[in-house]
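Visitor: here you go, sequence then predicted model.
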Amino acid sequence: MSQRSEALRAILLCGTGIAFICAMDAVAKTLGAGMSTFMIVFVRYAGAAIWLALYIALTRGAWPLRRNYGRHAQRGALMALTACFFFYGVTHLPLAVAAALGMSAPIYVSLFGIVFLKEPVSLGLVGAIVLGIAGSAVIVFGGEPIEVSGSSDILAWGAAILAPMSYAVAIVLMKHHSADEGAATMTLAQSAVAAAIAIPLIVPGFAPPPTASWPLIALIGLLGALGFLFLINGLKRVPASVFAVVDYTALLWAAAFGYLFFSEVPELRLWIGGGLIISACALGLMVAQRRAVAVG
């Protein structure tokens, strides 16, 4: 496989992972009607851990190594923290505001990738990130003015701001750790840790999930497992800073799932912003291909 093809494959793997994760978010939104936020966090990660354990057992794959338990604990804790931050912010702030703050995650991914992983920065990458930010801004702010309520809730604002930061750190750690263990092994370990962290949070006021929710509970774990399998495999082959640009496609997937499952009709600003996001991804792909050729 040529280096250009390898770069394209990495972009496609990351993009597919993001699509699965967005589908998982749609399932989480459905479950939210009858389950608490912490319960959704628990079933999401516990379900992923069960699916991945079955996969590793059936394929006779590698189990998490004892020497990497500390790394898995770091990533799992960050994943649990990010999920709690995000859902708390969405619950107490307008959805558009929380989404706008969440779009800052790729900026942190690029920054942390450059600072901690010593990844090179280029004008092309900067241009791609700017295009992605512009597209996100058009989608979030290009329509009717957003009425912000609950601004006095400091905890909610803090959670919404911290969620993309902790997510960015987790992505950079995945990139850093992905050379040592396989995607299934890493995802299993971090999912098990995140589920364990969520257990004490669901104990107060615990109520069993409704019977009708069990198929969705199984599905949310499967989608989460598949999402991170593709994501980690892609991160092995692409700089974290280039992944930051591909991450913007989550807005397009979210709009598609919102229309299909929740009858949320996308506005014109989505298509304008989506065009900018697609342009950002194309520019990011060019950056990845040029780096692959330069390394070769």
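Guide: Looks like it arrived, so ask away. Numbering: from 1, shown residues only.
Visitor: in stretch 227-242, which residues are buried?
Guide: Neighbour counts over stretch 227-242 (16 or more other C-beta atoms under 10 Å) mark 227-235, 237-242 as buried. (Glycine included, C-beta is placed from N, CA and C.)
Visitor: same thing with stretch 184-192?
Guide: 184-192.
Visitor: just to revisit the earlier point, out of the buried residues of stretch 227-242, what pair is the most spread apart?
Guide: Pairwise distances across those (C-beta to C-beta) peak at 21.8 Å, for the pair Leu229 and Ser241.
Visitor: so which of the buried residues of stretch 184-192 belong to helices?
Guide: Using DSSP state H, 184-192 are the members of the buried residues of stretch 184-192 that sit in helices.
Visitor: show me where the protein has its helices.
Guide: 3-31, 37-59, 69-92, 95-102, 105-116, 123-141, 154-177, 183-202, 214-235, 240-246, 250-262, 268-295.
Visitor: can I get those in JSON lines including mean pLDDT and distance to Pro208?
Guide: Converted to JSON lines, the helices of the chain look like this (pLDDT from 0 to 100; distance: least, C-beta to C-beta, whole Å):
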{"stretch": "helix 3-31", "mean pLDDT": "84", "distance to Pro208": "13"}
{"stretch": "helix 37-59", "mean pLDDT": "90", "distance to Pro208": "10"}
{"stretch": "helix 69-92", "mean pLDDT": "85", "distance to Pro208": "20"}
{"stretch": "helix 95-102", "mean pLDDT": "63", "distance to Pro208": "28"}
{"stretch": "helix 105-116", "mean pLDDT": "70", "distance to Pro208": "34"}
{"stretch": "helix 123-141", "mean pLDDT": "77", "distance to Pro208": "37"}
{"stretch": "helix 154-177", "mean pLDDT": "80", "distance to Pro208": "27"}
{"stretch": "helix 183-202", "mean pLDDT": "91", "distance to Pro208": "11"}
{"stretch": "helix 214-235", "mean pLDDT": "88", "distance to Pro208": "10"}
{"stretch": "helix 240-246", "mean pLDDT": "67", "distance to Pro208": "38"}
{"stretch": "helix 250-262", "mean pLDDT": "81", "distance to Pro208": "25"}
{"stretch": "helix 268-295", "mean pLDDT": "71", "distance to Pro208": "38"}
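Visitor: okay, those helices, which one's buried deepest?
Guide: helix 240-246 (a mean of 28; mean count of other C-beta atoms under 10 Å).
Visitor: tell me the one of the buried residues of stretch 184-192 nearest Met79?
Guide: Once C-beta to C-beta is applied, the member of those that ends up nearest Met79 is Gln190, at 5.7 Å.
Visitor: surely that closest one and Gly76 touch.
Guide: Yes: if you go by C-beta atoms under 8 Å, Gln190 and Gly76 touch, sitting 4.1 Å apart.
Visitor: just to revisit the earlier point, could you identify the most distant pair in the buried residues of stretch 184-192?
Guide: Of all pairs in those, the most separated under C-beta to C-beta is Ala184 and Ala192 at 12.4 Å.
Visitor: which residues are in contact with Phe85?
Guide: 159-160, 162-163, 166 (C-beta atoms under 8 Å, 6 or more residues apart in numbering).
Visitor: give me the phi and psi for Gly34.
Guide: With angles defined as degrees, to the nearest 10, Gly34 sits at phi -130, psi 10.
Visitor: is it correct that it is in contact with Ala207?
Guide: No: judged on C-beta under 8 Å, Gly34 makes no contact with Ala207 at a distance of 9.3 Å.
Visitor: between the two, tell me which one has more neighbours.
Guide: Legend: neighbour count by other C-beta atoms under 10 Å for Gly34 and Ala207, higher for Gly34 (13 against 10).
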